[in-house]
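# coords please:
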Amino acid sequence: MSSIIIADDNKILVYGLQRFLEKIGYEVKCAFDGEEFLFMCKGKSFDAAIVDYKMPRLDGLKAIKHLKDFSPDTKVILITGFVDSLDLEEAMRLGIYDCLIKPFGLDELHRSIDKALHDEVSLDEWRKRSLVGEDMIPA
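Here you go, the predicted model:
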């Protein structure tokens, strides 16, 4: 059974996602800020992490940066409702697998997790492959 951690300060969203993901067969843990997320990740290895961009005590990008230092194989799905302030380039440099914009559907989340856990192409890899002409990045 794959394990997932959800980190978001919106408890209603977190508990809803937890119920959904457990119902479809995942082991799920929850954190409600960036520091709690990192503390939980240091005690257990997770296959995937769903991390909110804006959280108290430690924002999502900083939490992801620290996570990748000690758990580089954890697939990270960034979630956000703050599209205007999102630094997607930085998030991709940190190694996120995907980014979902709130509100997103449960089917969209399920597809993203399923692809991430089965090593399909990441957001960064897709971006590299989609560039053409002078901007093409070699495979």
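# and stretch 85-101, how far out from the chain middle?
Chain-centre distance of stretch 85-101: 9 Å, with Cα atoms, centre = their mean, to the nearest Å.
# may I ask you to confirm that residue 90 is in contact with residue 62?
No. Judged on Cβ atoms under 8 Å, residue 90 makes no contact with residue 62 at a distance of 10.4 Å. Placement of C-beta: from N, CA and C, glycine included.
# which residue of these two possesses the greater neighbour count?
Neighbour totals were compared for residue 90 and residue 62, and residue 62 leads with 15 against 12 (other Cβ atoms under 10 Å).
# which residues touch whichever strand or helix holds the more buried one?
In this assignment (DSSP states H and E), residue 62 forms part of helix 60-70. With contact meaning Cβ atoms under 8 Å, 6 or more residues apart in numbering, helix 60-70 is reached by 7, 34-35, 37-38, 41-42, 49, 51-55, 58, 74, 76, 78, 80, 87, 90-91, 94-96.
# give me the buried positions along that helix.
60-61, 63-67 (16 or more other Cβ atoms under 10 Å).
# so how far is the helix or strand just after it from its chain's centroid?
Going down the chain from helix 60-70, the next helix or strand is strand 75-80, by DSSP H and E. What separates the centre of strand 75-80 from the centre of its chain is 2 Å, taken as Cα atoms, centre = their mean.
# past strand 75-80, which element shows up next along the chain?
Following strand 75-80 toward the C-terminus (DSSP H and E): helix 88-93.
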